[in-house]
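my questions are about this predicted structure, shown below with the sequence.
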Amino acid sequence: QLSTSQPIGSGGGAGGNFKVVIRVRPPLAREVGGGSQYQRSIAVDADTQMCTISENLDAWRGGSGPVGSDGVVYNTHQFKFDHVYDQDASQEAVYQGSAKEAVLSTLLGYNAAMLAYGQTGTGKTYTMEGDRTSMRARAAAAAAA
């Protein structure tokens, strides 16, 4: 049952109105093909809501810190967000965890906005719309029914 007394997610506490969420997009076909080995550079920890970006993620995961086995120091940075999604997160999981409250608040007459921000090719369209190939397949199936 929905209450119309306050927007969903407002909770009356700090941080209820704004949330910063990150979703790591899956690698593109051109990134995993072409003879070169794809190397992940981002690790997501859903338990702590931390995102780690590293030039040598394997060294960082192995506990050697920013120094690789080759003795080179690699940049590593960690960031904390209100919620993090890894590259395997489904559209449904992202919607349920981050967008549903805003949509329901809008249906109750409150203003809400969802923004996707980032450089070209970082997954904004993918996050907002999903995989275009599967969207076309679903649209074709719906049209045929």
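It's in. Residues are numbered from 1 along each chain as shown.

show me where the chain has its helices.
29-32, 57-61, 91-94, 100-107, 124-129, 132-144 (DSSP state H).

closest one to residue 82 among the ones you listed?
Among those, the nearest to residue 82 by CB to CB is helix 100-107 (11.9 Å). Just so you know, the C-beta spots here come from the backbone N, C-alpha and C atoms, and that holds for glycine as well.

would you mark the buried spots in that closest one?
Judged by neighbour count using 16 or more other CB atoms under 10 Å, the buried positions of helix 100-107 are 101, 102, 105.

what stretches of this protein score poorly on pLDDT?
Scanning the chain for pLDDT under 70 picks out the ranges 1-16, 64-66, 68, 132, 134-138.

what is the neighbour count of residue 141?
When counting by other CB atoms under 10 Å, one arrives at 9 neighbours for residue 141.

please report how far the closest residue to residue 130 other than its chain neighbours lies from residue 124.
Excluding its sequence neighbours, the residue lying closest to residue 130 (CB to CB, 6 or more residues apart in numbering) is residue 91, at 4.5 Å. Separation of residue 91 from residue 124 (CB to CB, to the nearest Å): 14 Å.

how about residue 70?
Noted for residue 70: a distance of 35 Å to residue 124, by CB to CB.

between the two, tell me which one has more neighbours.
Using other CB under 10 Å as the criterion, residue 70 and residue 124 rank with residue 124 on top: 16 against 8.

tell me which residues of stretch 83-90 are tucked away?
Residues 84, 85, 86, 89 are the ones in stretch 83-90 that count as buried (16+ other CB under 10 Å).
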